[in-house]
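how would this look folded up:
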Amino acid sequence: MPRFTARTFKIPKIKGISEKTIEEHLKLYQGYVKNANSILEKIPEYSQWAEKDPFVPYFTGELNRRFSFEYNGMRNHEIYFAGFEGGPKSLADSSPLKKMIAEAWGSFDAWLAKFKGMAASVRGIGWQVLWYDPIDEKLLMSWVDEQHYGELNGCSMILGLDMWEHSYVADYQPSGKKAYIEDFFANLNWETIESNLERARE
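Okay, here's the model as predicted:
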């Protein structure tokens, strides 16, 4: 049975988002890894009782449904935290990612304003995401409810902005959502985001 291993991240002290928030957020990420592993272990364990207990198939069915939540929670957070490693670095004007963004949305600044606006305006918890679609070789962006309703099939997450309240409320309060979004981008290492695109295009 495959097992997932929690990654470690070297996140420097960053603007706005406290070390305590990062510490607690990383514990949540580690929980997703643990839960994804647990589900993969429990499904075959419980399935052996299916003939003796008619409720077991319903239970294992719900575990299967839950797996996408735990797995996506794990992978989304890996994109999120990796974006802070190495400290903030800007995106070069000559970078392929910046050129693709400009081609899709008119300019990098126009895209950034749309991305921030979408993240700030959607009510509820979830993720604002920049995707790469390998079929049409283009960038897309969308909102993902929670972390598994609205994932774009076949696309790779290039940039993920966590908009669950645990990401920012302790530091910004509920009314500080826009300030959190601004600080997220102020802390972002765009070289890492560029490398996400490079891997997705391989």
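
make it CA atoms for all contacts and neighbour counts henceforth
Will do.

Which strands or helices does the helix or strand bottoming out on mean pLDDT in the chain pack on?
Lowest by mean pLDDT, DSSP states H and E among the helices and strands of the chain is helix 56-82, with a mean of 84. Using 3 or more Cα pairs under 8 Å, 6 or more residues apart in numbering; DSSP states H and E as the contact test, the elements touching helix 56-82 are helix 19-47, strand 156-162.

And the contacts of the one helix or strand V129 maps to?
Using DSSP states H and E, the element containing V129 is strand 126-133. Contact partners of strand 126-133, identified using Cα atoms under 8 Å, 6 or more residues apart in numbering, comprise 115, 118-119, 138-147, 152, 154-164, 197, 200.

Who's the closest spatial neighbour of the most centrally placed residue in the chain, skipping the chain neighbours?
Central residue of the chain (Cα atoms, centre = their mean): N76, 2.6 Å from the mean position. Take N76 and drop its neighbours on the chain: the residue closest to it by Cα to Cα, 6 or more residues apart in numbering is G160, 6.6 Å away.

Can you list the buried residues in stretch 5-14?
6, 14 (16 or more other Cα atoms under 10 Å).

next one: stretch 184-195
Applying 16+ other Cα under 10 Å to stretch 184-195 flags 184-194 as buried.

returning to what we had before: quickly note the distance from the residue nearest to the centre of the chain to W164.
In this view, N76 and W164 are 12 Å apart by Cα to Cα, to the nearest Å.

Poorly predicted segments of this structure, please.
For the chain, the stretches with pLDDT under 70 are 1-2, 43-61.

From the recorded domain assignment, give the ranges for it.
What the record gives for the chain is the domain set 19-82, 96-200, from automatic domain parsing.

For those domains, give me TSV that also has distance to I11.
Formatted as TSV, those follow (distance: least, Cα to Cα, whole Å):
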stretch	distance to I11
domain 19-82	8
domain 96-200	10
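
So which of the ones you listed is nearest R3?
domain 19-82 (5.7 Å; Cα to Cα).

Check the separation of the first and last residues in the closest one.
End-to-end for domain 19-82, by Cα to Cα: 15 Å.

Quick one, which of the domains of the chain gets closest to P88.
Between the domains of the chain, domain 96-200 lies closest to P88; by Cα to Cα that is 4.4 Å.

what separates that closest one from the chain centre, distance-wise?
9 Å (Cα atoms, centre = their mean, to the nearest Å).

helix, strand or coil for A6?
Classification of A6 by DSSP: H, G, I helix; E, B strand; the rest coil places it in coil.
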